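Trainee: Sequence and computational prediction follow.
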Amino acid sequence: MHAREADIILTASRPFCPAVPAVSIQHSPPSKVHSMDYRNLQAWVLRAVAIVELFAFGAVVMPREWMTEGHRWLGLGDLSQAPAVEAVMRQVSFAYGLHGIGLLVIASDVGRYRPLVILSAFGYLAYGAVFLLTDVGLGMPRLWVVGNGGSCLLVGAILLGLLWAEARESSRF
């Protein structure tokens, strides 16, 4: 039955005339058979990003030699031996991991945490712009620029698109 058609329900009897069946018309709520579950998609995007961010916890305990090799592999030369560099790398990695846990919490109930989903969408767009400007300005390798700032812009755009589509669909009914 089409979502806009009325359901006709026959009842067994009417109180004032038991022999004649009553016909009552009840309108069904709009069907969501053909609609997307935008909240579910938002949750999956947040979970996917969270999983990537949780890997940052590994850098907190990663041996210094691995960090140095990764730095060389990216074409950035030798990694500074200054204690501040290592402290910042490990602390930022820990912060990313905690952010990943936060995203999992948000993804557990995107309806309840709607303001945080919106904040995350705009936050990733802002992160992306800042990271792109910073990375390009510092002459970082293209892979770094795309993976860092580009991925943040993509995540922000996807979340914002899903939020927009959800709002547009819910205004139809």
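Mentor: Yep, that arrived. In this text, all values refer to a predicted model and were calculated from it rather than measured experimentally. Numbers count the residues shown, from 1 in each chain.
Trainee: ok, which stretches of the chain are helices?
Mentor: Defined through DSSP state H, the helices belonging to the chain, from first to last, are 38-54, 57-61, 64-73, 83-108, 114-137, 142-145, 151-172.
Trainee: what's next to the first one, contact-wise?
Mentor: Residues outside helix 38-54 that contact it (C-beta atoms under 8 Å, 6 or more residues apart in numbering): 96-97, 99-101, 103-104, 106-108, 110-111, 117, 120, 155, 158-159, 162-163, 165-166, 169. The way it works is simple: take the backbone N, C-alpha and C, and place the C-beta from them, glycine included.
Trainee: Please, a ChimeraX command that selects the buried ones among the residues you listed?
Mentor: For anyone working in ChimeraX, the buried entries among the contacts of helix 38-54, judged by 16 or more other C-beta atoms under 10 Å, can be selected with:
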select :96,97,99,100,103,104,106,107,110,117,120,155,158,159,162,163,166
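Trainee: CSV for the helices of the chain, including mean pLDDT?
Mentor: Shown next, in CSV, are these (pLDDT from 0 to 100):
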stretch, mean pLDDT
helix 38-54, 97
helix 57-61, 96
helix 64-73, 92
helix 83-108, 96
helix 114-137, 97
helix 142-145, 91
helix 151-172, 93
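Trainee: Out of the ones you listed, which one sits most buried?
Mentor: Stretch with highest mean neighbour count among these: helix 38-54 (a mean of 18; mean count of other C-beta atoms under 10 Å).
Trainee: Next, the angle helix 151-172 makes with that helix.
Mentor: Using axes from the mean of the first three to the mean of the last three C-alpha atoms, to 10 degrees, the interaxial angle of helix 38-54 with respect to helix 151-172 works out to 160 degrees.
Trainee: Tell me how far helix 38-54 lies from the chain's centre.
Mentor: On the basis of C-alpha atoms, centre = their mean, to the nearest Å, helix 38-54 is displaced by 4 Å from the centre of the chain it belongs to.
Trainee: Stretch 96-108 too?
Mentor: Counting by C-alpha atoms, centre = their mean, stretch 96-108 comes out at 10 Å from the chain centroid.
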